[in-house]
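**Q** give me a model of this one.
(chains A and B)
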Amino acid sequence: MPRKKPQLTIAVLIPAHNEEKMVAACVDSCLRQTRTLNQIIVVNDGSTDATGEILKTYGNAITVITIKDATGNKSRAQEIGIKAVTSDIMIATDGDTILHEKFAEEIEKDFITTPELSVVAGYVQSTKYNILTAIREIDYTIGQDIYKRAQEYVQFLLVIPGCAGAFRTELFRDGTVQFDHDTLTEDLDFTYKLNAQEKLIKLNYNAIVFTQDPPTIHSYINQMRRWYGGGWQNLKKHFPLIISKPSASLILATTYLEGTVFNFALYFLFFINTRLFLELMLLYCIVGTCMGIYAAARKRRLDLLLVGPLIPLTTLLNAYILMEQLVIEVLLRRKNMTWFHPERKTVVMEGNNLAKI
Amino acid sequence: MTPVGGITAIVSILIIVVRNMYVGIAKVLHIKPTKKEVRKLTSYQRILASCVVLTLVVAGITYSASVVLYYGTLEKNNLVIAHRLLNPCKPITLQSGTQGVILRLDDVQAYGWSDVSMKIMQDALTRNMPIMASVIPLYLETDSNITRFIEDNDCAIEVGIHGYDNITYIDPVTNSHYGEFALLDTEAARIKIEKARAAIGAFTKQPLNVFIPPDNQVSEGTITALREAGITVITSEGTEYFDYDAATYDFLNKTFIPASTVIQDCEATFDRGDSLCVIMLHPQDFVRGDGSIDTDRYSEYTKILDYLEANRIPVLTFNEVVKRNMGISPFTKDMSLGMIDPSVALLQRLLNEYGLTVASKGFGSAGNETDYFGELTRDALVQFQILEGIEPADGVLNAATRRVLSDRMYNTAGEKTQQ
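**A** Take a look at the predicted model:
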């Protein structure tokens, strides 16, 4: 049987602001794809470090769009970059993210077999670095294997990861998705808009990306503040959606209400009954251990076994940040638009580090 | 990133399971999902459905969060822990004396007049008197008021086991009443005692070695099981151990007994030569038909306490009584020459210990005490009566002699414990 000519053209769009440590690995992973990408576009968003020089070394293999003064927001850089995309499909990723060599192949399959598909969301894995990133990896595993799977089944995906989404470019051309630049998390904003218009979104567990998660407590807190702050901003912005789609009501209400009511109860419990609080935390440690065991088996990473019991610690921290952001964004209406740029560490990816699924 | 995830996880897993089951069943039944247009809901219907879902989620999450907080207030909450740290249980210094009273409060249980039970106990404790709470273990843990009271006052009250469920069996044919432990064999009794101890043991550090048989009935098997379990104090009618001497309620005639009668009964007990008077109380004695406290009757209880306080009669616990070797008074009747009775052996032993040797060797000598009240016993008793100034010194164990004998029993034991 003669091999079919590819019916679709695929581009990747990488906004990069001071990404000298990771941008080369990111671009290299795009060049290594088993299904050759038609366009690799990097938006150098006013980098003041060596990002520009590194990008120059690739010559014609990639398209570099340089913005002199930093826009300060990823979605602005994306908006500028998207004008250069001429392909049918656009992969949106980050300058610190590494694509699995089969990423493009996997998403192409989906778009071909399901023509009405608007977006394919990839599967995010956290690069092995330290305890904090290991906990995050367990979070990703549970979040994507359980929560997101359920969300996909009821056709309401809460978020298409900003570092692992493949969109039909026409969505940005016909006005389905517009850049508003009014929230801290543009990926969440896109997802709400797509959901509101009943666009079909698929989760592909084989379209893997490796992302670098905050390695220090400080940067972790900053990231969670951005995510949860953005979460509340978007919930406020798209609030009508919650009462116009039953599946949206289910997913949004459980996620955000449990996040606030239950967390508040948990913190309150600490003050009224420390003993019961500690008992519940112990129980949660056991649950965390089970989550660790699952993630370790799924990702074939033994270190995840050890960090499982520590999950309650980050959960409590997350709970605090979620409530803090609720107060700042919703109750005090103090909209925060500061862009937190997490510090990066150079990560060398080895071929066998890529999970086999 | 899901903030907590307990309920979200349950909802998600449910969705996954239901969906996969649906797909699985469709596969088995060879139902191919048709491309037929799914009937779209109108926007009004969607809003209605969304509101229903929202209400359910809000209700579910609010309910579960409030359950957690509610348990937070029930269990050993910080306020209770702080209160206990600031107000630790004050142990009661037991008075010494030749006579003593035990306040035995039966039927301390979850919900059943537990407020009255606590008031009865609290009023004794404020007067620096210990009280013995005979607790029904079944469902005890469901009433945090009573368990908290027991825990708070663990050092001052004595906790006894009042059966396990304390349910009386009534024979449908003979209409006879059998207490919970009246018909049990050793194994059945053993299981019940273990369960009872575990249930009460959660709220007290006491050894729980006092057993108050429900309906005052115990089978032989139960006695064996109780002894095996190390329970040293058994109160029961018909045995020589710690029967009650006075009560605030007459179960035969179904009438309340006023304080004056209770006091008279106790005095009569002391007059008989018994050094211990056990006063049996039930919370329901002081309750009206509607469950509220009967203040008139309750004032009779405080009168008893007033009397004990005014006359400086030591209020004790069963464990203290055993330690002091009091109350085990086998001498409940007059005894004289020629009688055969098991308690004669004890009389001979006491006389030997007193120094009035009944016999230097053979029957009646130390270690060889017998059931027979013979001439040697009579002679030693006459000597005792002369030495103690009891008249007439006729060698008959009458009430006056019994009283003095009880005193001597206590004094000998008292000296022993002081060593």
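**Q** which strands or helices does whichever strand or helix holds residue A:53 pack on?
**A** Here residue A:53 sits within helix A:51-56, counting by DSSP states H and E. Secondary-structure packing of helix A:51-56 (3 or more CB pairs under 8 Å, 6 or more residues apart in numbering or on different chains; DSSP states H and E): helix A:23-31, strand A:39-45, strand A:63-67. To be clear about C-beta, it is placed using only N, CA and C from the backbone, and glycine gets the same treatment.
**Q** so which bits of the first one are buried?
**A** Burial within helix A:23-31, assessed by neighbour count using 16 or more other CB atoms under 10 Å in any protein chain shown, is assigned to A:23-27, A:29-30.
**Q** and of these, the nearest to residue B:175?
**A** Using CB to CB, residue A:29 is the member of the buried residues of helix A:23-31 that sits closest to residue B:175, with 89.9 Å.
**Q** residues touching that closest one, list them.
**A** A:98-101, A:349 (CB atoms under 8 Å, 6 or more residues apart in numbering or on different chains).
**Q** drop anything exposed from these.
**A** Of those, these count as buried by 16+ other CB under 10 Å: A:98-101.
**Q** near the closest residue to chain B within the stretch 101-250 of chain A, how many other residues are there?
**A** Closest residue of the stretch 101-250 of chain A to chain B, CB to the nearest CB: residue A:150 (3.5 Å). Residues lying near residue A:150 (other CB atoms under 10 Å in any protein chain shown) number 24.
**Q** doesn't it belong to a strand?
**A** No - secondary structure of residue A:150 (DSSP: H, G, I helix; E, B strand; the rest coil): helix, not part of a strand.
**Q** what's the closest of the contacts of residue A:29 to residue A:171?
**A** Closest to residue A:171, out of all of the contacts of residue A:29 and judged by CB to CB, is residue A:99, at 20.4 Å.
**Q** nearest residue to that closest one in space, please, no chain neighbours.
**A** residue A:29 (4.6 Å; CB to CB, 6 or more residues apart in numbering or on different chains).
**Q** which SSE is immediately downstream of the biggest helix by length in chain A?
**A** In chain A, taking DSSP state H as the definition, the longest helix is helix A:274-299. Downstream of helix A:274-299, the next assigned helix or strand under DSSP H and E is helix A:303-307.
**Q** C-terminal to that following helix, what's the next element?
**A** Using DSSP H and E, the next helix or strand after helix A:303-307 towards the C-terminus is helix A:311-325.
**Q** not counting sequence-adjacent ones, nearest residue to residue A:17?
**A** residue A:45 (4.2 Å).
**Q** the one you found and residue A:15 touch, don't they?
**A** Yes - with contact defined as CB atoms under 8 Å, residue A:45 reaches residue A:15; the gap is 5.7 Å.
**Q** okay, and the common contacts of the two?
**A** Contact criterion CB under 8 Å, 6+ apart; residues shared by residue A:45 and residue A:15: A:74, A:77.
**Q** which stretches of the chain have low pLDDT?
**A** In the absence of a named chain, chain A is used. Applying pLDDT under 70 to chain A picks out residues A:1-6, A:334-357.
**Q** should've been chain B
**A** Those would be B:1-5, B:32-39, B:236-242, B:325-333, B:342, B:403, B:406-419, if you go by pLDDT under 70 across chain B.
**Q** how about the buried ones among the contacts of residue A:29 in JSON lines, adding secondary structure?
**A** Listed next are the buried ones among the contacts of residue A:29 as JSON lines, based on three-state DSSP:
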{"residue": "A:98", "secondary structure": "strand"}
{"residue": "A:99", "secondary structure": "strand"}
{"residue": "A:100", "secondary structure": "coil"}
{"residue": "A:101", "secondary structure": "coil"}
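**Q** just the helices in the stretch 1-150 of chain B please.
**A** B:6-28, B:43-74, B:78-86, B:114-126, B:144-152 (DSSP state H, counting those that start in this stretch).
**Q** adding mean neighbour count and distance to residue A:168, write those helices out as CSV.
**A** Below are the helices of the stretch 1-150 of chain B laid out as CSV (neighbours: other CB atoms under 10 Å in any protein chain shown; distance: least, CB to CB, whole Å):
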stretch, mean neighbour count, distance to residue A:168
helix B:6-28, 15, 26
helix B:43-74, 15, 26
helix B:78-86, 12, 57
helix B:114-126, 19, 70
helix B:144-152, 19, 61
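**Q** JSON lines for these, including distance to residue A:65?
**A** Putting the helices of the stretch 1-150 of chain B into JSON lines (distance: least, CB to CB, whole Å) gives the following:
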{"stretch": "helix B:6-28", "distance to residue A:65": "40"}
{"stretch": "helix B:43-74", "distance to residue A:65": "42"}
{"stretch": "helix B:78-86", "distance to residue A:65": "59"}
{"stretch": "helix B:114-126", "distance to residue A:65": "78"}
{"stretch": "helix B:144-152", "distance to residue A:65": "68"}
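**Q** ok, which of those helices comes nearest residue A:199?
**A** Counting by CB to CB, residue A:199 lies closest to helix B:43-74 out of the helices of the stretch 1-150 of chain B; the figure is 16.7 Å.
**Q** and residue B:41, its phi and psi?
**A** When read as degrees, to the nearest 10, the backbone of residue B:41 gives phi -80, psi 150.
**Q** go through the helices of the stretch 1-150 of chain B and name the closest to residue A:69.
**A** helix B:6-28 (41.6 Å).
**Q** could you export the closest one as CSV, CA atoms only?
**A** Taking C-alpha atoms only, helix B:6-28 is exported to CSV below (Å, rounded to 0.1, in the frame of the first residue of the first chain):
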residue,chain,number,x,y,z
GLY,B,6,-11.1,14.0,47.9
ILE,B,7,-14.6,14.6,46.6
THR,B,8,-13.3,15.5,43.1
ALA,B,9,-11.5,12.2,43.0
ILE,B,10,-14.6,10.2,44.0
VAL,B,11,-16.7,12.0,41.4
SER,B,12,-14.0,11.5,38.7
ILE,B,13,-13.6,7.8,39.5
LEU,B,14,-17.4,7.4,39.4
ILE,B,15,-17.5,9.0,36.0
ILE,B,16,-14.7,6.8,34.7
VAL,B,17,-16.3,3.6,36.1
VAL,B,18,-19.8,4.4,34.8
ARG,B,19,-18.5,5.3,31.4
ASN,B,20,-16.3,2.2,31.1
MET,B,21,-19.1,0.0,32.2
TYR,B,22,-21.4,1.6,29.6
VAL,B,23,-18.8,1.0,26.9
GLY,B,24,-18.2,-2.5,28.1
ILE,B,25,-21.9,-3.4,28.1
ALA,B,26,-22.3,-1.9,24.7
LYS,B,27,-19.4,-4.0,23.4
VAL,B,28,-20.9,-7.2,25.0
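**Q** does it reach chain A?
**A** Yes - residues of helix B:6-28 contacting chain A under CB under 8 Å from any CB of the partner chain: B:6-9, B:11-16, B:19.
**Q** which elements pack onto that helix?
**A** By 3+ CB pairs under 8 Å, 6+ apart, helix B:6-28 packs against helix A:149-153, helix B:43-74.
**Q** looking at the ones you listed, which is nearest to residue A:83?
**A** helix A:149-153 (31.0 Å).
**Q** helix or strand next in line after the closest one, which one?
**A** strand A:165-168.
**Q** residue in the stretch 251-357 of chain A nearest to chain B?
**A** Nearest residue of the stretch 251-357 of chain A to chain B, counting by CB to the nearest CB: residue A:259, 3.4 Å away.
**Q** quick one: that residue and residue B:57, what's the gap?
**A** In this structure, residue A:259 and residue B:57 are 12 Å apart, going by CB to CB, to the nearest Å.
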